[in-house]
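**Q** Got a predicted model here, sequence first, then my questions.
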Amino acid sequence: MTQQAFPKLLSSQIAFDIARTILDGFDKHYRLFRQSSQDARRHFETADWATAQQAARARIDYYDRRVQECVHVLQDAYDPGELTDRVWREIKLHYIGLLSGHKQPELAETFFNSVSCIILHRSYYHNDYIFVRPVISTEYIETEELLPTYRVYYPAADGLRFALKRVVTNFQLAVPFADLDRDIARVEARMREAFGLDRPEPNLQLQVLSNLFFRNKGAYIVGRVINGPRDYPFVIPVLHDRDGQLVLDTVLTEVYHITLLFSFTRAYFLVDMEVPSAYVSFLRSLMPRKPRSEIYTVLGLQKQGKTLFYRDFLQHLKHSSDCFQIAPGIRGLVMLVFELPSFPYVFKVIKDFYPPPKETTRAQVKEKYLLVKHHDRVGRMADTLEYSDVAFPLARFSEELLAELRQHAPSLVEIEGERIIVRHLYIERRMVPLNLYLADAQQQGKEALIEHGVIEYGNAIKDLVAANIFPGDMLYKNFGVTRHGRVVFYDYDEIEYLTDCNFRDIPQARNEEDEMSSEPWYPIGKHDVFPEQFGRFLLGNPTIRHYFMQHHAELLTRAYWQSHKDRILEGVVDDVFPYPQQIRFCKQDNPTTAQQTPARLPDAAPPILENLHNE
């Protein structure tokens, strides 16, 4: 062997070993990820809601921990001088070879990127070294387990009711149903009416994903009906009744309701998937307008969601020409928010300093966003994508926006040639600020829209309360309205756990001087909250006040807040249903203290919402 050949062979061996180490790190991660999803079934069967919540929160950190483990292994095992540009290019080539026949290749590619981006400088963030573009196809990956991705049932032989019963019993839940025949009859009747199944085609079939979806206190059966050239999505929620037995709570047959179930405002599902791309493909057939990035995210694969989102964003930049600009609405004290009008998301940067009365730091704000990331968002808090070192084309930034960034967040901005690098930012789905929605409805003279906004605002707060969240700053500008008229909270810098708050009544004034004083005459602790004061800041508009007092007057009382705090401290986990109360089969079987969203806006979406995409 020549001296020239030996270094080449050595570097190739290093490249292969590193590729193998990274893939081993991913395989460990996904094995633990699947185990947590399998454990969710046991938590559901035993109604161990506290453990289920803890496990769901813990799973969110699995990915970052495995990435850090892998980085430490590589840093300990190899000298930086060994990792030349040629070696890193070979690492990627070896990794591609190792992914042949892999069941989660797209996730493994993202894991490779995560590890590489920690070790490499951002000048290496291109397709020679990382997977800017995917390489391995995820089409038609075959499962090696006994269960296929979905089961198929044919009602023609024994009837729809028998097929539906097989669908449910095949999951073999270790808890008896209170009255499965009754529930199946209800599901059948609803599906016949919704899908027109009284005239079945010869190919009538039910296709049902082989594993249950778990979240909060529910398990969900997800499937579709094929009838001739048409297919119809359905989801059947399975819950515990008050006696600990199982019930089929309803069947979701509208794409609208199914889309809300898989909304970006809810925490991640736990579902055991050998081939996640097959589950994503199935769900995309039910919700064709929902991006694949969001579907990966709601399945708990949020890093893959981020990867796909960023690829979509880069493609959008190539095929658009509008400029980034300051987002409309009242400017925030903590966040600088900008947008690309043609793209349905906003970009949020934490400012370097905050004027009074804000008393916080960048680290504290990031902790609040991390709290939301780990918490059950109950359909009322927007999911947030967090990025570092994001490069934007400098020519696409308006002068006003550049001036704002340089003034308010100079430590996070760097100009590099024709690019502007933002060192840290959050990306959220664009919504119309509630204050602008209410002002627009008032200007149009549409009280029905005002009432809907006020009802939704109060329901959003009540759902957050049920999830042990106190919004902190409850001004309308901190809530957004989605395309479908749902009100969602999105300003997290003052968020607190409800159980950390001390709810108080304002003490009785001691004398006339106390009543006339512009400053409180009583001591106020850091976590003290006075609900009766909310009206002073929220209810100046007579129309808004009328509807608020009609629907949500209890939010102005200490008793309401304290009673929910006490329930949470007692270990009670309230139901917050991801579908309207009125479509449930038997409400008395599962009473709820949380609020339910009105089905839809009272009429067509007002103009102010028309530029938003569906949830």
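**A** On my side now, so go ahead.
**Q** Next secondary structure after the top helix by length along the chain?
**A** In the chain, assigned by DSSP state H, the helix with the most residues is helix 5-45. Of the helices and strands lying after helix 5-45 in sequence (DSSP states H and E), the nearest is helix 49-60.
**Q** Tell me what angle that next one forms with helix 5-45.
**A** Interaxial angle, helix 49-60 versus helix 5-45 (axes from the mean of the first three to the mean of the last three C-alpha atoms, to 10 degrees): 160 degrees.
**Q** what's the next helix or strand after helix 49-60 packed up against?
**A** Next in sequence after helix 49-60, counting helices and strands by DSSP H and E, comes helix 62-77. When contacts are defined as 3 or more C-beta pairs under 8 Å, 6 or more residues apart in numbering; DSSP states H and E, helix 62-77 sits against helix 5-45, helix 105-119. Every C-beta, even on glycine, is put in place using the N, C-alpha and C of the backbone.
**Q** buried set for helix 62-77?
**A** Judged by neighbour count (16 or more other C-beta atoms under 10 Å), helix 62-77 contains these buried residues: Y62, Y63, R66, V67, C70, V71, V73, L74.
**Q** Quick one: mean pLDDT for that helix?
**A** For helix 62-77, the mean pLDDT works out to 95.
**Q** and it, how far out from the chain's middle?
**A** 26 Å (C-alpha atoms, centre = their mean, to the nearest Å).
**Q** V422 in helix, strand or coil?
**A** Counting by DSSP: H, G, I helix; E, B strand; the rest coil, the backbone at V422 sits in strand.
**Q** Quick check, it in contact with V390.
**A** Yes - assessed by C-beta atoms under 8 Å, V422 is found in contact with V390 at 5.0 Å.
**Q** Just the pLDDT for the closest residue to T265 other than its chain neighbours.
**A** Among residues not flanking T265 along the chain, G379 sits closest, at 4.8 Å (C-beta to C-beta, 6 or more residues apart in numbering). On pLDDT, G379 comes in at 89.
**Q** Dihedrals phi and psi, G379?
**A** phi 80, psi 10 (degrees, to the nearest 10).
**Q** What is the burial count for it?
**A** 25 (other C-beta atoms under 10 Å).
**Q** contacting residues around it?
**A** Applying C-beta atoms under 8 Å, 6 or more residues apart in numbering, we find G379 in contact with L260, S263, T265, R266, D463, R486, V488, V576, P578, T597.
**Q** Surely E414 is in a helix?
**A** No - according to three-state DSSP, the state of E414 is strand, so it is not within a helix.
**Q** Could you check how far the closest residue to it other than its chain neighbours is from K303?
**A** Leaving aside its sequence neighbours, E414 sits nearest to I421 (C-beta to C-beta, 6+ apart; 4.4 Å). Distance, I421 to K303, by C-beta to C-beta, to the nearest Å: 21 Å.
**Q** What of A56?
**A** 16 Å.
**Q** and G101, how many residues sit next to it?
**A** 10.
**Q** Kindly report the same for L164.
**A** With other C-beta under 10 Å as criterion, L164 counts 27.
**Q** dump the residue contacts of P176.
**A** Here P176 is in contact with Q245, L246 (criterion: C-beta under 8 Å, 6+ apart).
**Q** Which elements pack onto the strand or helix carrying V235?
**A** Using DSSP H and E, V235 sits in strand 230-240. On a contact count with 3+ C-beta pairs under 8 Å, 6+ apart, strand 230-240 meets helix 160-169, helix 180-195, strand 218-227, strand 246-248, helix 255-261, helix 276-286.
**Q** helices or strands up against the shortest one?
**A** Yep, that's strand 246-248 we're talking about. helix 180-195, strand 230-240.
**Q** hang on, isn't I136 packed against P105?
**A** Yes - at 3.6 Å, I136 and P105 qualify as touching, with contact defined as C-beta under 8 Å.
**Q** So for those two, which sits in the more crowded spot?
**A** P105 (22 against 17).
**Q** Could you check how far the more buried one is from R284?
**A** 18 Å.
**Q** With G453 instead?
**A** 32 Å.
**Q** Between the two, point out the one with more neighbours.
**A** G453 (26 against 15).
**Q** State the distance from the more buried one to Y579.
**A** 21 Å.
**Q** just to revisit the earlier point, looking at A56 and K303, which has the bigger crowd around it?
**A** A56 (24 against 19).
**Q** could you list every residue that touches Y354?
**A** Residues in contact with Y354 (C-beta under 8 Å, 6+ apart) are L333, V334, T360.
**Q** List the ones among those that fall in helices.
**A** Short answer: these have none in helices (DSSP H).
**Q** Could you check the angle the longest helix of the chain makes with helix 276-286?
**A** 50 degrees.
**Q** Measure how buried the closest residue to N478 other than its chain neighbours is and give me the count.
**A** Nearest residue to N478, sequence neighbours excluded (C-beta to C-beta, 6+ apart): D491, at 3.7 Å. Neighbours of D491 under the rule other C-beta under 10 Å: 23.
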